[in-house]
Every structure is written in C-alpha cells, then in structure tokens.
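[1] build the 3D model from these lines:
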Amino acid sequence: QVQLVESGGGLVQAGGSLRLSCAASGLTFGSYAMGWFRQVPGKEREFVAGITRSGDYTDYADSVKGRFSISRDNAKNTVYLQMNSLEPEDTAVYFCAGRSTIYSGTVYTTAQQYNYWGQGTQVTVSS
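    Here you go, the predicted model:
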C-alpha cells in the first residue's frame, strides 16, 4: 500500500523559510516522479514543483521560481520542498504527489497526472 506522509508545515513570518518533507513507503521510490501541489479553500489544487525519478530535472510554477527548490533522496524515499522568501500568498495546504513512470526525463505538472497523494500539511505565512 502506497503511503505519502508530509511534514514540516507550520506558521512562519513573511520572508522566512520552511522545508517540507514527504516520506514515501510501499513503493519503489526511484520509479516514481514526484511533485508538490498546494490548495486554498475554494480554489483548485495548483502545481508548485515537480521532479523526475532520478532528480535530474525539475520544474516550478512561475509564482515560486527562484524561491522554492524541490529535491529528493532516493536512498531515504523522501522528497523535499525548500521554501524561502515566503509570502502571505504562499499560505495553503501543501500536498505531496507521486506517479509511477518509465520515463526518466519527465516532470509531471498537473494533478491529474499523479496517482498517489499525501494528506497535506498546512503552511501559513503571516504578514
């Protein structure tokens, strides 16, 4: 049974940093492309960052480019999201997502492309 468990969310002041972690189990982690999404009440879940199976390629939403960084440690079955220069507009529930793929160079950027999801972790940025 595939499980994705996020951690690291919390309350931070604008300009601060947080690092989210997503621990995966029940899967061959190195065969999965991973992504981070976020959602606020009343809005659709939006793509934040994605990473290929090996970690060689990444992609970001324009709103977080230069501030957020996605990485993974396949030995630890964990994907990370380092968030710097946080803004109140970054306040949301952040979700980790994964999908099995044979394509080593593909980053997936839509929610529909992912098969597995974590329960989410709240990030609140105060002004």
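[2] report pLDDT for Gly30.
    If you check Gly30, the pLDDT there is 96.
[3] what sits against the nearest residue to it once chain neighbours are set aside?
    Spatially, and ignoring its direct neighbours in sequence, Gly30 is nearest to Asn74 (4.7 Å; CB to CB, 6 or more residues apart in numbering). (C-beta placed from N, C-alpha, C; glycine too.) When contacts are counted by CB atoms under 8 Å, 6 or more residues apart in numbering, Asn74 touches Phe29, Gly30, Ser54, Gly55.
[4] mind doing that once more with 10 Å?
    Ala24, Thr28, Phe29, Gly30, Ser31, Tyr32, Arg53, Ser54, Gly55 (CB atoms under 10 Å, 6 or more residues apart in numbering).
[5] measure the closest residue to the fifth one other than its chain neighbours to Thr52 for me?
    Here the nearest residue to Ser31 in space, its sequence neighbours aside, is Ser100; by CB to CB, 6+ apart that works out to 5.5 Å. Summarising the geometry, the distance separating Ser100 from Thr52, computed by CB to CB, to the nearest Å, is 13 Å.
[6] which residues do the two both contact?
    Joint contacts of Ser100 and Thr52 (CB under 10 Å, 6+ apart) are Tyr32, Ala33.
[7] between those two, which is the more surrounded one?
    Higher neighbour count among Ser100 and Thr52: Thr52, with 20 against 13, using other CB atoms under 10 Å.
[8] surely the more buried one meets Tyr108?
    Yes: Thr52 is within contact range of Tyr108, at 9.1 Å (criterion: CB atoms under 10 Å).
[9] now list whatever residues contact both of the two.
    Shared contacts of Thr52 and Tyr108 (CB under 10 Å, 6+ apart): Ala33, Met34, Asp59, Thr101.
[10] which positions in stretch 89-105 come out as buried?
    Asp90, Thr91, Ala92, Val93, Tyr94, Phe95, Cys96, Ala97, Gly98, Arg99, Thr101 (16 or more other CB atoms under 10 Å).
[11] what distance do you get for the closest residue to Met34 other than its chain neighbours to Val12?
    Distances taken as CB to CB, 6+ apart put Val79 closest to Met34, at 4.4 Å, once the chain neighbours are dropped. Taking CB to CB as the criterion, Val79 is separated from Val12 by 20 Å.
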